[in-house]
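S.K.: What would the 3D arrangement of this be:
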Amino acid sequence: MTDLDRLLDFAERSAVPGGFGFLGGDGQVIPDRPLMTFITARKTHVFGLAQLLGRPRADELVGHGVRALTDGPLRDDVHGGWRSTADDDTKSAYAHAFVILAGATATTVGAEGGPELLDAALDVWQSRFWDEAAGLAVEEWDAGWTRLSSYRGANANMHGVEASLAAADALGDDDPRAARLRAQALRSIERVVHGWARERGWRLPEHFAPDWTPLPEHNRDEPAHPFRPYGVTPGHQFEWARLCLHLSAALTGRSGHGGPDWLREDAVALFDAAATRGWAADGHDGFPYTLDWDDRPVVGARMHWVVCEAIAAATVLAEVTGQEHYRELADRWRAHGEARFADPVTGSWHHELTPSGEIATGTWDGQPDAYHLVQMLLLAGRPVRGSVAAALR
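M.R.: Just a heads-up that it's a prediction; the model follows:
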């Protein structure tokens, strides 16, 4: 079984001046990959979770991440906000959502500069990305915040929900921003899950025009895109299902009994659709990366994050509903992940495999990301809260 300490040992090797780098499968930072805001922010969050567990030196790594995001090359001191990468000045909602998450977890653990980072990231999110009329976040700006991309996406909004719930937990109920962030998370989930996904038989659209009209054919010619793939993405459906339950818990502080009843009902329906349509859809064990609108596999590659999110969602559903069926699924999929994805050399998981289980690099190379795997490991056996950090705290 994957050992959390060994996984974190591996993740620690990513620390470089200015943030956290992109790790190859050999445990070395890939030198020609620029620093990426989302990876530096995710690692800061991960080491914050490790600090909550009492891991030695985790506080130093959280501090390194906070300083990197505050004063490093990823921060744009001229125009404000954060660059997508050290050599890409565009300002993406996806990256900023993870800066909020990093700031929230850093605040939770009491890291120096954590509250200031969280405040700055929330200010940018609310002023530049949050669209109050739509109840969703816009996608991407140019470096100077003068041109807004016409593309709208569900992926960034999903992580915006996660970040908003984490920020609300970190701020505490005495801060009026906490209630606002949870209300915004509810609006986004209601539009994406209770609206678009439910109306389409629990097939969640990912891509949209500026007026939020779904674009079901978007990226048909680039179906394996790492952030905007064509078609239905079962892994994201698992994530949205889990976020429904985290929000439900956050609204009352008690697992599964808060907010509208449809939060839990939709979580079950969205999870069940992803599980039944996704698993072994091409005859091989595991979840294909994407399906088309008739539930046929498009990109058959197996991504580690997809099975991690499937396990995490099943774990949370088991906790909330008490149904053994979900616990059995979590156990079965965990065994699959350990058998197929776990890398005995690094202690992490391979990020991409072929349908038959060989290491692949069509979308992801190396093993840069500990975020999905660490959160999956930490959710088991813990109460459901608005955020993973709140459950650990």
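
S.K.: which residues pair with residue 88 across the strands?
M.R.: According to DSSP bridges, the partner residues bridging residue 88 are residue 85.

S.K.: gap between it and residue 74?
M.R.: Distance from residue 88 to residue 74, counting by CB to CB, to the nearest Å: 10 Å. (Glycine included, C-beta is placed from N, CA and C.)

S.K.: Give me the more crowded residue out of the two.
M.R.: residue 74 (26 against 14; other CB atoms under 10 Å).

S.K.: Make sure residue 9 is actually in contact with residue 348.
M.R.: No: assessed by CB atoms under 8 Å, residue 9 is found out of contact with residue 348, at 9.7 Å.

S.K.: These two - which one has more neighbours?
M.R.: Higher neighbour count among residue 9 and residue 348: residue 348, with 27 against 15, using other CB under 10 Å.

S.K.: Which residue, other than its chain neighbours, is closest to the more buried one?
M.R.: Leaving out its chain neighbours, the residue that sits closest to residue 348 by CB to CB, 6 or more residues apart in numbering is residue 367, at 4.6 Å.

S.K.: burial count for that neighbour?
M.R.: Counted with other CB under 10 Å, the neighbours of residue 367 add up to 26.

S.K.: Which secondary structure state does it sit in?
M.R.: Following DSSP: H, G, I helix; E, B strand; the rest coil, the label given to residue 367 is coil.

S.K.: And the strands in the stretch 201-350 of the chain?
M.R.: Per DSSP state E, counting those that start in this stretch, the stretch 201-350 of the chain carries strands over the ranges 207-208, 290-291, 297-299, 302-303.

S.K.: what comes into contact with the longest one?
M.R.: Outside strand 297-299, the residues that touch it by CB atoms under 8 Å, 6 or more residues apart in numbering are 223-224, 229-231, 281-282, 288-292, 362-363.

S.K.: Direction included, what does that strand pair up with?
M.R.: The strands beside strand 297-299 in its sheet (DSSP bridges) come out as strand 290-291 (antiparallel).

S.K.: hey, where'd the strands end up in the stretch 1-150 of the chain?
M.R.: Under the criterion DSSP E, counting those that start in this stretch, strands of the stretch 1-150 of the chain are mapped to 15-16, 19-20, 91-92, 130-131, 136-137, 140-141.

S.K.: Now mean pLDDT, mean neighbour count and distance to residue 309 too, for these, in CSV please.
M.R.: Below are those laid out as CSV (pLDDT from 0 to 100; neighbours: other CB atoms under 10 Å; distance: least, CB to CB, whole Å):
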stretch, mean pLDDT, mean neighbour count, distance to residue 309
strand 15-16, 98, 17, 26
strand 19-20, 98, 26, 21
strand 91-92, 98, 26, 21
strand 130-131, 98, 16, 25
strand 136-137, 98, 25, 20
strand 140-141, 98, 21, 24
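
S.K.: so which of those gets nearest residue 173?
M.R.: strand 130-131 (20.7 Å; CB to CB).

S.K.: what lines up beside the closest one in the sheet?
M.R.: Each strand paired with strand 130-131, and its direction, by DSSP bridges: strand 136-137 (antiparallel).
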